[in-house]
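>>> 3D model of this:
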Amino acid sequence: MPKGYRNEWEKTMSKIKKGVRLLLTQGPVAVLVKLRNKRIEHLREAAFREKAKKVHLITEEQREYQKKYTFEEPIKFSIITPLYNTPREYLLELLHSVQRQTYSDWQLCLADGSDGAHAYVGKICREYAGRDARIVYTALPENKGISENTNACIALADGQYLGLLDHDDVLHESALFEMRRAIQKFHADFLYSDEVKFSGRIEDATDFNFKPGFGKDELRSHNYICHFTVFSRKLLERVNEAAPSGHLVFSKVYRPEFDGSQDHDMVLRLTEKAEKVIHVPKVLYYWRVHPESVSMNLDSKSYAVDAAIRAVQEQLERVGEPGKVSSNLPYRTIYRVRYEIDPCARVAIVVHHLDSEKEFAEYKEKVRKATDYPHLEWVPVFGENGRNLGSLLNQAARNTEAEYLVILDAKCMPLTAGWIEEMLMFAGRRDVAAVAPKILFPDHTIAYAGIALAKEREEKIRFLCRGIPNTEQGYEAILRYVRNTTAVWKGCFMVERQKLLSIGGFSEEMPGYEEIDFSLRAAEQGYRHVWTCFAEVEYQKAQIEDFKTEGRESFSRQWETILAKEDPYDHKNWKRFKLV
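The predicted structure is shown next:
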């Protein structure tokens, strides 16, 4: 019997034996239930696959529309693809994916470092370049590694924008069109899209990476930007030196000492200088998963992890934010930054939702015992039944000289002894306004892991990851790293007192939405907000009801324009597929 048939025969016999065993031990009803459940699971998977196709596959009508669309001004994209011993079928798929682009003003730059045993790579590329002048090919005298080979590609580029395409991956046919449209709309100089991993037919791909908008802290935590990345030539010239000829000094663009995480290093440097970073929330890149890819073979490529740690560490040094970077084990490719803090900074704990002095005294003692940080002041807030919480918190902020405030609900209890230090390291940064911890319900499910605006909801906000068990990592490990968020929650967050006052304190006209309004006003002034998973607090109630208040109407009216837009730290497909 041929091997393939023998394997199928063995699988079938194994299933029959399991069925007989189940029938003998649990009876016919159990067998029927098992079969029914399998059938339901199969139907659900089939329905998901069909739904997933609509996320990334376009119709013929869309294809023709994109091909005929005329933009205001011409922009050429130079696609940067270094080659090294690329498998024949992968190379052909890559070439075809670029030629199928619905936006036609492109240049494919190929620099080939393949060895003699893979001479077919050069032969194929020369044939395609001979038929399509947009394909530019050069054979390198030797393979100098991914960074140097990429620099050789960049030296061939003459487009106003450059896009990065790995030699074993595939570009979505609308990739350049969607990027061009975003450039026209937002005047962006750095853009990135969503992606999907695949190992068989692209049409069946379902391992999507739906990304949030740009977050400085999330990028330091991991290279979530990854594929498809596009940036302007002018941005590249700001980051690197330009030669008198007008061509970039390509030896200074990608840095060989960061091979393995060269893209992470490059993205960190580019986004530091970018004037406008835009996320295009569409799947525009197909990332092939195979035994030689880093995602499938990380253990043999630990140098990539080491390089990423050094890239983030170097950024901290460049921008003057002292800290120490390490892997957040057991997640080797998720990184944790421990920023330096002022160990003597005074922190005032502003406790609200108190009913009596006795309750405050008991609560203070419990929190003090659960907290390592010694330099604390305590500011109780009473009288919420008769006065607006925003007014009371503003008064509390004025009545202390502490450098930092922790706004803390009396129903919240710290679970990690270093919770103050974990928030303080972010609150002390110049670009950060508010910092919030991971907050759990008593059943150890997520209560707060960031807040996004949600125009479709009655309360106009959405708590991310609400109800997910704390033992789970969440979609794309979202609960295992520091990231940026649209808003903090008054249950617990830290803010530098002078920043709070300079931004205008808390609104006294939006009861229930005081901290959301503050978060949005701070963002308008250029601040970002941080959520950290390394500080944990328990909210000792089964649900949060803060936003069922009379302040909703005034909040909606004040932020009508912002509410009409998609929240950058949320994603329509997170909601559609109930991922976050």
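
>>> what comes into contact with the helix or strand hosting residue 230?
Taking DSSP states H and E as the definition, residue 230 sits inside strand 229-232. Residues outside strand 229-232 that contact it (Cβ atoms under 8 Å, 6 or more residues apart in numbering): 77, 160-164, 179, 189-192, 263, 267, 270, 274. The C-beta positions use only the backbone N, C-alpha and C, and glycine is treated the same way.

>>> now do stretch 304-312
220, 223, 257-262, 264-265, 268, 294, 298, 325-327, 332-333, 335, 337.

>>> These, buried ones only, as a PyMOL selection?
In PyMOL syntax, the buried subset of the contacts of stretch 304-312 is picked out as below (16 or more other Cβ atoms under 10 Å):
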select buried, resi 220+223+258+259+260+261+262+264+265+268+325+327+332+333+335+337
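
>>> Now, the contacts of strand 229-232 that are in helices?
179, 263, 267, 270 (DSSP state H).

>>> Turn those residues into JSON lines, columns for neighbour count and pLDDT.
Output for these, formatted as JSON lines (neighbours: other Cβ atoms under 10 Å; pLDDT from 0 to 100):
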{"residue": "179", "neighbour count": "26", "pLDDT": "98"}
{"residue": "263", "neighbour count": "22", "pLDDT": "96"}
{"residue": "267", "neighbour count": "24", "pLDDT": "97"}
{"residue": "270", "neighbour count": "21", "pLDDT": "97"}
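
>>> Quickly check these for the two that are furthest apart.
179 and 263 (16.9 Å; Cβ to Cβ).

>>> So if we follow the domain assignment, how does the chain break up?
60-292, 347-576 (automatic domain parsing).

>>> Between the two ends of the shortest one, what distance do you get?
The first residue of domain 347-576 is 41 Å away from its last residue (Cα to Cα, to the nearest Å).

>>> Stretch 522-536 now?
End to end - Cα to Cα - stretch 522-536 spans 24 Å.

>>> Can you give the contact residues for it?
215-217, 336, 414-416, 418-420, 422-423, 426, 431-440, 449-450, 479-488, 499, 503, 519.

>>> Narrow these to those in strands?
336, 414, 432-440, 483-485 (DSSP state E).

>>> can you tell me the helix or strand for residue 315?
Under the criterion of DSSP H and E, residue 315 resides in helix 302-319.

>>> quick revisit: only alpha carbons, please: show the strand holding residue 230 as CSV.
The C-alpha trace of strand 229-232 is given here as CSV (Å, rounded to 0.1, in the frame of the first residue of the first chain):
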residue,chain,number,x,y,z
THR,A,229,5.4,48.9,5.9
VAL,A,230,5.7,51.9,3.6
PHE,A,231,7.7,55.2,4.2
SER,A,232,8.6,58.2,2.3
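
>>> just to revisit the earlier point, mark which of the contacts of stretch 522-536 are buried, thanks.
Buried subset of those (neighbour count, 16+ other Cβ under 10 Å): 215-217, 336, 414-416, 419-420, 422-423, 426, 432-440, 449-450, 479-488, 499, 503, 519.

>>> Quick one: mean pLDDT over the helix holding residue 315.
If you average the pLDDT over helix 302-319, you get 96.

>>> can I get the CA coordinates of it in PDB?
C-alpha atoms of helix 302-319 as PDB (Å, rounded to 0.1, in the frame of the first residue of the first chain):
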ATOM      1  CA  SER A 302      17.800  33.700  19.300                       C
ATOM      2  CA  TYR A 303      20.100  36.400  17.800                       C
ATOM      3  CA  ALA A 304      16.900  38.000  16.500                       C
ATOM      4  CA  VAL A 305      15.600  38.400  20.100                       C
ATOM      5  CA  ASP A 306      19.000  39.800  21.300                       C
ATOM      6  CA  ALA A 307      19.000  42.300  18.300                       C
ATOM      7  CA  ALA A 308      15.500  43.500  19.100                       C
ATOM      8  CA  ILE A 309      16.400  44.100  22.800                       C
ATOM      9  CA  ARG A 310      19.500  46.100  21.700                       C
ATOM     10  CA  ALA A 311      17.400  48.100  19.200                       C
ATOM     11  CA  VAL A 312      14.900  49.100  21.800                       C
ATOM     12  CA  GLN A 313      17.700  49.800  24.300                       C
ATOM     13  CA  GLU A 314      19.400  52.100  21.800                       C
ATOM     14  CA  GLN A 315      16.200  54.000  21.200                       C
ATOM     15  CA  LEU A 316      15.900  54.700  24.900                       C
ATOM     16  CA  GLU A 317      19.400  56.100  24.800                       C
ATOM     17  CA  ARG A 318      18.800  58.200  21.700                       C
ATOM     18  CA  VAL A 319      15.700  59.900  23.100                       C
END
